[in-house]
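> model the structure of this input:
(one chain, ligands or ions: 1)
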Amino acid sequence: MSNSRFPEGFLWGGATAANQLEGAYNEGGKGLSIFDMVEFVPKEERTKSVEMDVRSETELEELLNADEGANFPKRRGIDFYHRYKEDIALFAEMGFKTFRMSISWPRIFPNGDETEPNEEGLAFYDNVFDELLKYGIEPLVTLSHYEIPLHLVQKYNGWEDRRVVEFFTRYAETVFHRYQDKVKYWLTFNEINISTLSPYIGSGMLIDRVENKEQAIYQALHHQFVASALAVKACHEIIPDAMIGCMLARMEVYPETCNPDDVLAALEEDQKNLFFTDVQVRGYYPSFMLSYFEENNIEIEMLPGDEEILATHTVDYLSFSYYMSMVASGSPDKKREKGNFFSGVKNPYLEASDWGWQIDPKGLRVTLKKMYDRYQVPLFIVENGLGAYDTVEEDGSIIDDYRIDYLRAHIDQMGEAIKEGVDLIGYTSWGCIDLISASTSEMSKRYGFIYVDQDDYGHGTLERKKKKSFEWYKNVIATNGEEL
Ligand code: BGP
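I've put the predicted structure just below:
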């Protein structure tokens, strides 16, 4: 009998997203997506905090007219579009039970507001799902991983416009009908809490087009909440044996000290994120958010029936990404360290990755316990991993012990949380095959068990190579997490 702390049928696997993986931005009838407009800018030349954040109409115009020079974003991805068979065979060799991927909305509806889907796009995902199922790998599919057709940004300013709810619902229903026999695990929006930090990536909005930024952000978000709930409804109707969840960028927030001011600051920082799951799992806006809206004169326009939609169509499970934890301080002038999206005070007890993300395996256990206590629904870790520079040795090997150490420590804490009563159903480590970084557009920030020969400028053979972590993870899966 197995001594594993992980339940039988635990969904081990890896995670990706269309815009960071597929490439082929203009093939198969695909329309442009917001991420096709995100440039790679070398570190030394960066002037903005988050490069993925296209903010203005002018910036967008410039990017649309830019030539396909070294920094041009349209080559994003690692050509999974043409190499998916080879890649899936490698996932199968590692013993994946599940593979998280996203459907690119503009592959299915190139403009977003048309009524007929693009058959070539639909057929592509049929082929990918068939290939996965051939090896017994369950697809876990995100409907929108930082993606919305660019046309919807240009014409409607993205999610700010209520009509986008209808376009999204049509897209969701189309893919549910088409893949009802193939896909049983779904997610609505990736890291929905990024919307307040990056309105462009999170909600497809150009912020210079709106008068009141905060008002627009929360209005767009309300539309996304309603769209997500309607997708849950449609999924339940069309694929009754499927599970559909929400997805949060999750990190624990610690108080800097036991000074009650720090404790309160940490709690409030955390509420900013928990708000999203409160709406999607509990089905209503929490009172702390309603009073925040009132204090800041934010008035969310809701249609009759919206509240009922949110309350009735809550998610079946809660998924999240976890990379790091944060520290909050009650003193406003305290120096904040820069992460990519989130910033906070430095934690002297933790080491950070080369990108300043504070590595904290125990924080994952804390988060699992807290989220399960609060929501009492199954949890799924759909992203976790270490972004690192890898070196290819002369003999072609890649010895990524640092990655193994990171993953081992996190998986061990997951096991402890399960032992302590948390209902965790799966784990997909981020970027199981090297892909383009979301926040920096770098290729050299690598997460994979599989190395891809490509540099930050898109040069390379795209050849795939197994890293040392490949065999390690294969054994973790084979022993259901018993041997780490
Ligand atoms: C999450 C995103 C992913 C992913 C990951 C790692 O925020 O959902 O798309 O890329 O973080 O981040 P990065 O690529 O910036 O290292």
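> only C-alpha atoms from now on, for both contacts and neighbour counts.
Fine.
> ok, the residue of the stretch 1-150 of the chain found nearest the ligand - contacts?
Nearest residue of the stretch 1-150 of the chain to the ligand (C-alpha to the nearest ligand atom) works out as Ala17 at 6.2 Å. Residues in contact with Ala17 (C-alpha atoms under 8 Å, 6 or more residues apart in numbering) are Arg100, Met101, Ser102, Ile103, Thr142, His145.
> which ones among the residues you listed are found in strands?
Among the contacts of Ala17, DSSP state E puts Arg100, Met101, Ser102, Thr142 in strands.
> most surrounded residue in those?
Ser102 (29 neighbours; other C-alpha atoms under 10 Å).
> please list all residues in contact with that one.
Contact analysis of Ser102 by C-alpha under 8 Å, 6+ apart lists Thr16, Ala17, Ala18, Val141, Thr142, Leu143, Ser144, His145.
> any chance of a markdown table for those, columns pLDDT?
Shown next, in a markdown table, are the contacts of Ser102 (pLDDT from 0 to 100):
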| residue | pLDDT |
| --- | --- |
| Thr16 | 98 |
| Ala17 | 98 |
| Ala18 | 97 |
| Val141 | 99 |
| Thr142 | 98 |
| Leu143 | 98 |
| Ser144 | 98 |
| His145 | 98 |
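> skip the chain neighbours and tell me the closest residue to the most centrally placed residue in the chain.
The residue lying closest to the centre of the chain (C-alpha atoms, centre = their mean) is Asn190, at 4.1 Å. Counting by C-alpha to C-alpha, 6 or more residues apart in numbering, Asn190 lies nearest to His145, which is 4.7 Å off, once chain neighbours are set aside.
> around the one you found, how many other residues sit close by?
Neighbours of His145 under the rule other C-alpha under 10 Å: 27.
> which residues does it contact?
Counting by C-alpha under 8 Å, 6+ apart, His145 touches Ala17, Ala18, Asn19, Ser102, Ile103, Ser104, Phe189, Asn190, Glu191.
> phi and psi next, for the fifth one.
This means Ile103. Backbone dihedrals for Ile103, given as degrees, to the nearest 10, come out at phi -90, psi 140.
> show me the contacts for it.
Ala17, Ala18, Tyr125, Val141, Thr142, Leu143, Ser144, His145.
> redo that, cut-off 10 Å
Taking C-alpha atoms under 10 Å, 6 or more residues apart in numbering, we find Ile103 in contact with 17-19, 121-122, 124-125, 141-145, 147, 175.
> show me where pLDDT drops low in the stretch 251-400 of the chain?
Low-confidence segments of the stretch 251-400 of the chain (pLDDT under 70): 335-343.
> the same query, at a cut-off of 90, please.
Counting by pLDDT under 90, the stretch 251-400 of the chain contains low-confidence residues at 251, 331-346, 355-356.
> residues of it that sit close to the ligand?
Residues of the stretch 251-400 of the chain found near the ligand (C-alpha under 6 Å from any ligand atom) are Gly387.
> work out for me the element Leu221 sits within.
Using DSSP states H and E, Leu221 sits within helix 213-238.
> elements contacting that helix?
Judged by 3 or more C-alpha pairs under 10 Å, 6 or more residues apart in numbering; DSSP states H and E, the packing partners of helix 213-238 are helix 163-178, strand 185-189, helix 199-203, strand 243-250, helix 287-295, helix 306-312.
> pick the most deeply packed of those.
Burial of the helices and strands packed on helix 213-238 is given as mean neighbour count (mean count of other C-alpha atoms under 10 Å); helix 199-203 ranks first at a mean of 27.
> does any bit of that helix sit next to the ligand?
No. If you take C-alpha under 6 Å from any ligand atom as the test, helix 199-203 misses the ligand, and the best it gets is 10.5 Å.
> show me what that helix is packed against.
Short answer (3+ C-alpha pairs under 10 Å, 6+ apart): helix 199-203 packs on helix 213-238.
> quick check: buried residues in the helix it packs on?
Counting neighbours by 16 or more other C-alpha atoms under 10 Å, one finds that the buried residues in helix 213-238 are 214-236, 238.
> average pLDDT for it?
Mean pLDDT, computed over helix 213-238, is 97.
> centre of the chain to that helix, how far?
Relative to the centre of its chain, helix 213-238 is centred 17 Å away, using C-alpha atoms, centre = their mean, to the nearest Å.
> give me the angle between it and helix 163-178.
In terms of direction (axes from the mean of the first three to the mean of the last three C-alpha atoms, to 10 degrees), helix 213-238 departs from helix 163-178 by 30 degrees.
> helix/strand/coil for the residue in the stretch 351-484 of the chain that the ligand sits nearest to?
Closest residue of the stretch 351-484 of the chain to the ligand, C-alpha to the nearest ligand atom: Ser437 (3.2 Å). At Ser437 the chain is in coil, as set by DSSP: H, G, I helix; E, B strand; the rest coil.
> Asn480 and Thr16, how far apart?
22 Å (C-alpha to C-alpha, to the nearest Å).
> would you mind telling me which of these two has more residues around it?
With neighbours defined as other C-alpha under 10 Å, Asn480 and Thr16 compare such that Thr16 has more, 26 against 21.
> what residues does the more buried one make contact with?
Thr16 touches 22, 99-102, 141-142, 145, 382-383, 428-436, counting by C-alpha under 10 Å, 6+ apart.
> let's see it at 8 Å
By C-alpha under 8 Å, 6+ apart, Thr16 lies in contact with Arg100, Met101, Ser102, Trp430, Gly431, Cys432.
> from what I can see Val327 touches Glu256, true?
Yes. Counting by C-alpha atoms under 8 Å, Glu256 is a contact partner of Val327 at 5.7 Å.
> what pLDDT does the spatially closest residue to His236 that is not a sequence neighbour get?
Among residues not flanking His236 along the chain, Ala242 sits closest, at 7.0 Å (C-alpha to C-alpha, 6+ apart). Listed pLDDT for Ala242 reads 98.
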